[in-house]
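# this is a predicted model, with the sequence first.
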Amino acid sequence: MKTNATSVAAMTALILMGAAGAAFATEPTLPRSERSFGRLDADSDGKVSVNELKPKAVKRFLRLDDDKNGTVTTAEIDGWLKRGIEKRKDRMLTRLDQNKDGSVTRDEVDAYIDALFNGADGDKDGGLTLAEIRETSPRRTGQRGATGN
């Protein structure tokens, strides 16, 4: 019973962290990666101006405006976060819940991690380099291909 409670607590923590990450992804922020900077730097001058930043940031935030009235309400933010949490939960269960019983055991997590690690260890030396991880990990989608036993 303790293992099941621990699994539920861990899953809950992961879901909440995912929701927090999703929330920040919509809030207007300054770019931190080369990729996001490059998308904003429309004239490729190596600088992002407020005129390049603002339209994209506003458009991204206003995606939360379900009724398209130009105002994002607390209810719309809550709805967006709940949809994100549901998607994340479904994705986690799809990846981790091998026997599809609606819960994830430590054994299922261990098997998933083993498959994830072994799939990335291209030279099979028992260690991962950043290059191996980057070669085998789909960009920003988590670890789609990993499955347990």
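That came through fine. Numbering: from 1, shown residues only.

# next, count neighbours for residue 105.
Residues lying near residue 105 (other C-beta atoms under 10 Å) number 17. (Glycine included, C-beta is placed from N, CA and C.)

# kindly provide the distance from it to residue 129.
Applying C-beta to C-beta, to the nearest Å, the value for residue 105 to residue 129 is 30 Å.

# distance of residue 79 from residue 37?
To residue 37, residue 79 is 30 Å away according to C-beta to C-beta.

# now residue 127
Residue 127 is 32 Å from residue 37, where distance means C-beta to C-beta.

# more neighbours: the two, which one.
Higher neighbour count among residue 127 and residue 37: residue 37, with 14 against 9, using other C-beta under 10 Å.

# wait, that one sits on residue 45?
No. Counting by C-beta atoms under 8 Å, residue 37 does not reach residue 45; the two are 11.7 Å apart.

# find residues that contact each of those two.
Common contacts of residue 37 and residue 45 (C-beta atoms under 8 Å, 6 or more residues apart in numbering): none found.

# for stretch 92-101, which residues meet the burial criterion?
Applying a neighbour-count criterion of 16 or more other C-beta atoms under 10 Å, the buried positions in stretch 92-101 are 92, 95, 96, 97, 98.

# to clarify, my last question referred to stretch 113-126.
Neighbour counts over stretch 113-126 (16+ other C-beta under 10 Å) mark 115, 116, 120, 121 as buried.

# can you tell me the closest non-neighbouring residue to the third one?
Nearest-residue entry for residue 120: residue 136, 4.3 Å, with adjacent residues in sequence omitted and distances by C-beta to C-beta, 6 or more residues apart in numbering.
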